[in-house]
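**Student:** Provided below for reference: sequence and predicted model.
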Amino acid sequence: MRTVLIYQFESLCRFGCGNQGFRMKVKVVWRKVRDYVRYDLKEIAFPSSLPDPPHFKKRRKLTWKERYLVLKEATRLYAASWVRDIGPELRPNEYKNKLKSEDEPDRVKGPNGETEPSTLEDLAVAARGGMETLRPALQRVYMTRASAYRDALKSFIQGYQEGIQQVMEKKDDSESHQENNDAKKST
């Protein structure tokens, strides 16, 4: 668009100012500059977002009281998130559900019956503590993953060797059986 405007302006300057064509060209250039500023420049400076999909239902705007209550709850939960174990006084509904279903796959029961935090929770707490606490936590995760990988690799190698031994035994048995058949046929 910019190059078109420059070209038209240069063509205006080349021709004389006394004819009717000049006025028409000035009007065209003015209209294009005005449209550019009005529509294109506005879209470049403040791009509009994509329209919502057809199935999207718009929510109603919250009142000032509802906004205050949301902010208050969010602030309370944020402050509570800095504590390792959020107690039942902060989230009573979640603790009621936990009492109903005691089997949790992500937490491990300790020797005293206490639940130990999951790996993700350990990393989150360590990340809050800075690099000094994060490095040992990451090393623990790495070592547990590496030991699991090492154990899996050992069991695979052991199974592979057993499979090779079975194949070799079958091959030896078939060769000895074939030699016995050849000896019987020759006599």
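**Tutor:** Okay, I see it.

**Student:** What segments of this structure are strands?
**Tutor:** Ranges of strands within the chain are 108-109, 115-116, based on DSSP state E.

**Student:** any idea how far H177 is from K170?
**Tutor:** Counting by CB to CB, to the nearest Å, the separation of H177 from K170 is 10 Å. Every residue, glycine included, has its C-beta placed from N, CA and C.

**Student:** Likewise for A146?
**Tutor:** 36 Å.

**Student:** and what of Y36?
**Tutor:** 83 Å.

**Student:** Per-residue pLDDT of L77, please?
**Tutor:** Looking at L77, its pLDDT reads 82.

**Student:** now L99
**Tutor:** Confidence at L99, expressed as pLDDT, is 60.

**Student:** cool, G21 as well?
**Tutor:** Looking at G21, its pLDDT reads 76.

**Student:** same check, this time on Y149
**Tutor:** According to the model, Y149 scores 87 on pLDDT.

**Student:** Can you report how many residues lie near it?
**Tutor:** Counted by other CB atoms under 10 Å, the residues lying close to Y149 total 10.

**Student:** Next up, the contacts around it.
**Tutor:** By CB atoms under 8 Å, 6 or more residues apart in numbering, the contact set of Y149 is empty.

**Student:** do T144 as well
**Tutor:** Residues near T144 by CB under 8 Å, 6+ apart: none.

**Student:** What number of residues are in the vicinity of L41?
**Tutor:** Around L41 there are 13 residues (other CB under 10 Å).

**Student:** What distance do you get for it to V33?
**Tutor:** Here L41 is placed at a distance of 10 Å from V33 (CB to CB).

**Student:** about what we covered before: Y36 and K170: which has the busier surroundings?
**Tutor:** Shown here are Y36 and K170; by other CB under 10 Å, Y36 has more neighbours (16 against 10).

**Student:** For that one, give its distance to L71.
**Tutor:** Y36 is 43 Å from L71, where distance means CB to CB.

**Student:** just A124 next, same as before
**Tutor:** On the measure of CB to CB, A124 and L71 end up 24 Å apart.

**Student:** Then L123?
**Tutor:** 29 Å.

**Student:** Over to A79?
**Tutor:** As for A79, its distance to L71 is 13 Å (criterion: CB to CB).

**Student:** what about the helices in the protein?
**Tutor:** 2-14, 20-35, 41-45, 64-80, 92-100, 119-129, 131-186 (DSSP state H).

**Student:** Pull out the buried residues from the second one.
**Tutor:** By neighbour count, with 16 or more other CB atoms under 10 Å as the criterion, the buried positions of helix 20-35 are K25, V29.
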